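# Structure for the following, please:
(one chain, ligands or ions: 2)
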Amino acid sequence: MSAQIGVTGLAVMGANLARNLARNGFTVALHNRSVSRTDELLAKHGSEGDFVRTETLEELVGALEKPRRVLIMVKAGAPVDSVVDQLVPLLEEGDIVIDAGNSHFEDTRRREAALAKQGLHFVGIGVSGGEEGALNGPSIMPGGSQESYQALGPLLEKISAHVDGQPCCAWIGTDGAGHFVKMVHNGIEYADMQVIGEAYDLLRSGAGLEPAEQAEVFSEWNKGELSSFLIEITAEVLGHVDAKTGKPFVDVLVDQAGQKGTGRWTVISALELGSPTSGIAESVFARALSSKASQRVEAQQLLVAETSEVSIPESFVEDVRQALYASKLVSYAQGLDMLTGAAAEYNWDLKLDEIASLWRGGCIIRAELLKDITKAYAAEEKPANLLFAPAFAEAIAQALPAWRRVVSIAVQLGIPVPVFSASLAYYDGLRRKRLPAALTQGLRDLFGAHTYQRVDAEGTFHTLWGEDKSEIEAVDSH
Ligand SMILES: NC(=O)C1=CN([C@@H]2O[C@H](COP(=O)(O)OP(=O)(O)OC[C@H]3O[C@@H](n4cnc5c(N)ncnc54)[C@H](OP(=O)(O)O)[C@@H]3O)[C@@H](O)[C@H]2O)C=CC1
Ligand SMILES: O=C(CO)[C@H](O)[C@H](O)COP(=O)(O)O
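Ligands and ions are numbered 1, 2, ... in the order given. The predicted structure is shown next:
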């Protein structure tokens with residue numbers, strides 16, 4: 001029996017994707033560096049569909065129908081290069097190598113270019129949804145050539161999540177576009193989790209709500225405009241009681257958040273693109289700060305809080321909900337704006353409505369609000385920034401008083417809200433008529449003759465600060 005697709009890398013994600021493919025009627029050849037994982041999968045789930053057991057990459061390639069489709073789901077980085085290097089000599093022109101892990105998009109661009117020279121298609125696809133999504137339908141973000149999508153699309157669309165009958169999978173763009181969009185998805189995921197964490201901290205330390213009470217609050221919030229997978233699972237985690245101690249589960253967890261790196265990559269890339277993703281950046285820094293364990297212990301001894309007495313308004317829980325919604329919107333706006341910048345830089349025709357649409361199901365940031373985001377970018381006149389879409393401009397206007405109250409109460413109580421406050425500063429920075437960047441330009445010109453533009457004349461100027469302070473026309477040096 002020849003298989004329609006081969007999967008190599010059968011840890012959490014690879015095993016579940018392989019099962020998903022088999023459950024959808026595809027014959028799947030299985031391979032893993034350690035054969036024990038292959039056998040474990042077959043022993044537990046071999047009856048779910050048609051699998052072909054292989055022990056070596058040669059056997060895997062030999063088991064596939066042509067053109068061959070090999071899906072790699074191993075640890076990102078050097079392991080992907082190692083597997084690709086072993087596979088390439090075994091493949092023939094027209095075969096397709098798929099990397100479905102969280103690879104860096106620049107690695108994908110490099111691999112795609114290298115394999116194209118050998119007549120092979122290399123397709124980097126972003127897959128989101130964790131273990132459950134991989135098995136029952138993830139959100140899939142494929143890059144690579146359009147030609148390769150013709151061969152892969154029907155299969156990927158079949159195994160993806162579906163919302164309103166539409167697959168949460170669509171061709172994103174050439175070379176690393178799929179992995180770039182997945183990376184930004186993860187950046188938004190970081191910010192989304194951080195704003196939820198800030199809301200939790202405010203409700204606990206500000207309003208005195210215990211985790212079990214908050215589980216009810218989050219469940220309630222999940223019924224409205226905040227409805228999303230992350231809010232739903234927040235209610236579940238906060239409602240969970242530790243069996244060993246009887247304490248709220250969240251209280252027995254070490255408060256240091258780890259990261260595998262996609263959030264950090266998003267911020268590095270945003271800096272390179274000059275894209276103001278301050279909320280996403282603050283969420284990455286918040287994890288980094290949480291992990292400064294010894295400094296945090298010392299700070300508790302050395303640094304004073306100097307907080308003020310604040311009366312918590314009756315509307316506080318609702319205020320926090322609105323601040324959370326507004327900050328969440330800003331995270332999506334920043335992520336999507338970054339995609340616009342990347343499309344120009346890397347020559348990708350990224351369709352923000354399609355991307356928002358395929359995030360509606362299967363992935364970690366799936367949320368009710370993505371329906372309206374999809375609509376906003378599907379409109380004839382696309383907003384230059386998500387926040388300019390009339391529905392969202394209005395939603396933020398309504399949330400604004402509560403958002404300002406919450407940030408100011410947090411500051412007075414000494415509760416850090418880096419993403420709530422950075423998102424508000426982004427909003428205010430965007431909408432203000434004059435920014436202090438004017439002063440920055442003056443300073444740069446004084447200390448470094450970096451030149452400036454005037455509001456009342458065309459051209460580029462420099463003031464002779466060390467001489468008579470007269471102004472001359474200059475060559476633009478930015
Ligand atoms: N876990 C998640 O929720 C998600 C993960 N991802 C991404 O999917 C990919 C796979 O993730 P996950 O399933 O968690 O597995 P891991 O990232 O933990 O990787 C383990 C797999 O990689 C294989 N591997 C490691 N090094 C090599 C090597 N040098 N050569 C060959 N195989 C190697 C392992 O083989 P062996 O068994 O022999 O050690 C095993 O199959 C990663 O890129 C991850 O970032 C994407 C979305 C969600
Ligand atoms: O890709 C994912 C979901 O979409 C993974 O869950 C992601 O790797 C989690 O990232 P981190 O470990 O950095 O929090």
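
# Up against ligand 2, what does the stretch 301-450 of the chain have?
Neighbours of ligand 2 within the stretch 301-450 of the chain, by Cβ under 6 Å from any ligand atom: I364. Heads up, the C-betas are built off the backbone N, CA and C, glycines and all.

# Show me the residue of the stretch 301-450 of the chain that gets nearest to ligand 1, please.
I364 (8.1 Å; Cβ to the nearest ligand atom).

# My guess is that residue contacts A191. True?
No - with contacts counted by Cβ atoms under 8 Å, I364 stays clear of A191, the gap being 12.0 Å.

# picking that back up, mind listing what the residue of the stretch 301-450 of the chain closest to ligand 1 touches?
128-130, 133, 185-186, 189, 229-230 (Cβ atoms under 8 Å, 6 or more residues apart in numbering).

# Dump these to JSON lines, plus secondary structure, distance to ligand 1 and neighbour count.
Converted to JSON lines, the contacts of I364 look like this (DSSP: H, G, I helix; E, B strand; the rest coil; distance: Cβ to the nearest ligand atom, whole Å; neighbours: other Cβ atoms under 10 Å):
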{"residue": "S128", "secondary structure": "strand", "distance to ligand 1": "6", "neighbour count": "25"}
{"residue": "G129", "secondary structure": "coil", "distance to ligand 1": "7", "neighbour count": "25"}
{"residue": "G130", "secondary structure": "helix", "distance to ligand 1": "4", "neighbour count": "16"}
{"residue": "G133", "secondary structure": "helix", "distance to ligand 1": "8", "neighbour count": "26"}
{"residue": "H185", "secondary structure": "helix", "distance to ligand 1": "10", "neighbour count": "23"}
{"residue": "N186", "secondary structure": "helix", "distance to ligand 1": "9", "neighbour count": "26"}
{"residue": "E189", "secondary structure": "helix", "distance to ligand 1": "10", "neighbour count": "22"}
{"residue": "F229", "secondary structure": "helix", "distance to ligand 1": "13", "neighbour count": "19"}
{"residue": "L230", "secondary structure": "helix", "distance to ligand 1": "14", "neighbour count": "19"}
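
# Let me know the closest of those residues to ligand 2.
Closest to ligand 2, out of all of the contacts of I364 and judged by Cβ to the nearest ligand atom, is S128, at 3.6 Å.

# Name whatever forms a beta bridge with that closest one.
Legend: beta-bridge partners of S128 under DSSP bridges are S139.

# Skipping adjacent residues, who's closest to A199 in space?
L324 (4.6 Å; Cβ to Cβ, 6 or more residues apart in numbering).

# could you say what helices and strands the helix or strand encompassing the one you found packs with?
Assigned by DSSP states H and E, L324 belongs to helix 316-346. Judged by 3 or more Cβ pairs under 8 Å, 6 or more residues apart in numbering; DSSP states H and E, helix 316-346 is in contact with helix 177-201, helix 211-221, helix 262-273, helix 278-290, helix 352-358, helix 369-378, helix 390-413, helix 418-431.

# before we move on, the earlier item: can you pull the pLDDT of the residue of the stretch 301-450 of the chain closest to ligand 1?
Here the pLDDT value assigned to I364 is 97.

# who's in contact with G9?
32-33, 72-74, 83, 101.

# Buried members of these into PyMOL, please.
Of those, the buried ones go into a single PyMOL selection, burial set by 16 or more other Cβ atoms under 10 Å:
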select buried, resi 32+72+73+74+83+101
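
# contacts with ligand 1 among the contacts of G9, please.
32-33, 73-74, 83, 101.

# from those residues, which is closest to ligand 2?
Nearest member of these to ligand 2, counting by Cβ to the nearest ligand atom, is G101, at 9.0 Å.

# How about the secondary structure of that closest one?
Look at G101: counting by DSSP: H, G, I helix; E, B strand; the rest coil, its state is coil.

# any idea how far the closest residue to it other than its chain neighbours is from ligand 2?
Leaving aside its sequence neighbours, G101 sits nearest to A76 (Cβ to Cβ, 6+ apart; 4.8 Å). Plainly put, A76 is 9 Å away from ligand 2 if you go by Cβ to the nearest ligand atom, to the nearest Å.

# coming back round to it: adding distance to F122, pLDDT and secondary structure, write the contacts of G9 out as CSV.
Formatted as CSV, the contacts of G9 follow (distance: Cβ to Cβ, whole Å; pLDDT from 0 to 100; DSSP: H, G, I helix; E, B strand; the rest coil):
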residue, distance to F122, pLDDT, secondary structure
N32, 21, 98, coil
R33, 20, 98, coil
I72, 10, 98, strand
M73, 15, 98, coil
V74, 15, 98, coil
V83, 12, 98, helix
G101, 13, 97, coil
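
# For A333, state which of the contacts of G9 is nearest.
G101 (27.9 Å; Cβ to Cβ).

# which phi and psi does the closest one have?
Torsion angles at G101 (phi, psi; degrees, to the nearest 10) stand at phi -80, psi -180.

# Then the one 10 residues further on?
Listed backbone geometry of R111 is phi -70, psi -40, with angles given as degrees, to the nearest 10.

# How many residues are close by it?
Residues lying near R111 (other Cβ atoms under 10 Å) number 22.

# Which single residue in the protein comes nearest to ligand 1?
Counting by Cβ to the nearest ligand atom, the chain gets nearest to ligand 1 through G101 (2.6 Å).

# measure that residue to L120 for me?
Using Cβ to Cβ, to the nearest Å, G101 is found at 18 Å from L120.

# re earlier: which stretch among the helices and strands packed on helix 316-346 is buried most, on average?
Sort these by mean neighbour count, taking mean count of other Cβ atoms under 10 Å, and helix 177-201 sits at the top with a mean of 26.

# re earlier: okay, the helices and strands packed on helix 316-346 in a markdown table with mean pLDDT next?
As requested, the helices and strands packed on helix 316-346 are exported to a markdown table (pLDDT from 0 to 100):
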| stretch | mean pLDDT |
| --- | --- |
| helix 177-201 | 98 |
| helix 211-221 | 98 |
| helix 262-273 | 98 |
| helix 278-290 | 98 |
| helix 352-358 | 98 |
| helix 369-378 | 97 |
| helix 390-413 | 97 |
| helix 418-431 | 98 |
